[in-house]
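In: Just need the structure, nothing else, for what follows:
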Amino acid sequence: MSEYKFFICILLFMIKQIMHVDDDSDTRKVVRTILLHHGYNVLSVSSGKECLKQLQTYDKKIDMVILDMMMPDMSG
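Out: Numbers count the residues shown, from 1 in each chain. Sure, this is the predicted structure:
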């Protein structure tokens, strides 16, 4: 296994809490289902503004944010 693949495997093992930001509810449901199936804790939000609010107030550490690059209010 190359050093790069090893690093990615270690990084993915360390990630526990993921925030997913997408304005499309169907996409949020599918991504949430897949991530939960793989053992991640998922916080799904529907806008950039909601994401920023949650990042400031959420009591758990967010390890990764997956976001839609083109949303109505605020794009990624």
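In: for this protein, which spans come out with low pLDDT?
Out: The chain contains residues with pLDDT under 70 at 1-12, 74-76.
In: Show me where it has its strands.
Out: Taking DSSP state E, the strands of the chain run over residues 17-21, 41-45, 64-67.
In: what comes into contact with the last one?
Out: Residues outside strand 64-67 that contact it (CB atoms under 8 Å, 6 or more residues apart in numbering) are 15, 17-22, 31, 48, 51, 55, 76. Where you see a C-beta, it was placed from the backbone N, CA and C, and this is true even at glycine.
In: how about those, which pair is most distant?
Out: In terms of CB to CB, these reach their longest pairwise distance at Ile15 and Gly48, which sit 21.3 Å apart.
In: which one of these two has more residues nearby?
Out: Of the pair Ile15 and Gly48, Gly48 is the one with more neighbours under other CB atoms under 10 Å, namely 18 against 14.
In: I figured the more buried one was touching Met70, is that so?
Out: No. Applying CB atoms under 8 Å, one finds Gly48 not in contact with Met70, separated by 10.8 Å.
In: So which of the strands of the chain is the most surrounded?
Out: Neighbour counts (mean count of other CB atoms under 10 Å) averaged over each of those peak at strand 17-21, with a mean of 20.
In: Report the backbone C-alpha coordinates of that strand in CSV.
Out: What follows is strand 17-21, C-alpha atoms only, in CSV (Å, rounded to 0.1, in the frame of the first residue of the first chain):
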residue,chain,number,x,y,z
GLN,A,17,-18.6,13.4,13.0
ILE,A,18,-19.5,14.7,9.6
MET,A,19,-21.6,17.7,8.7
HIS,A,20,-23.3,17.5,5.3
VAL,A,21,-24.6,20.7,3.7
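In: That one packs against which elements?
Out: Taking 3 or more CB pairs under 8 Å, 6 or more residues apart in numbering; DSSP states H and E as contact, the helices and strands that strand 17-21 lies on are helix 25-37, strand 41-45, helix 48-57, strand 64-67.
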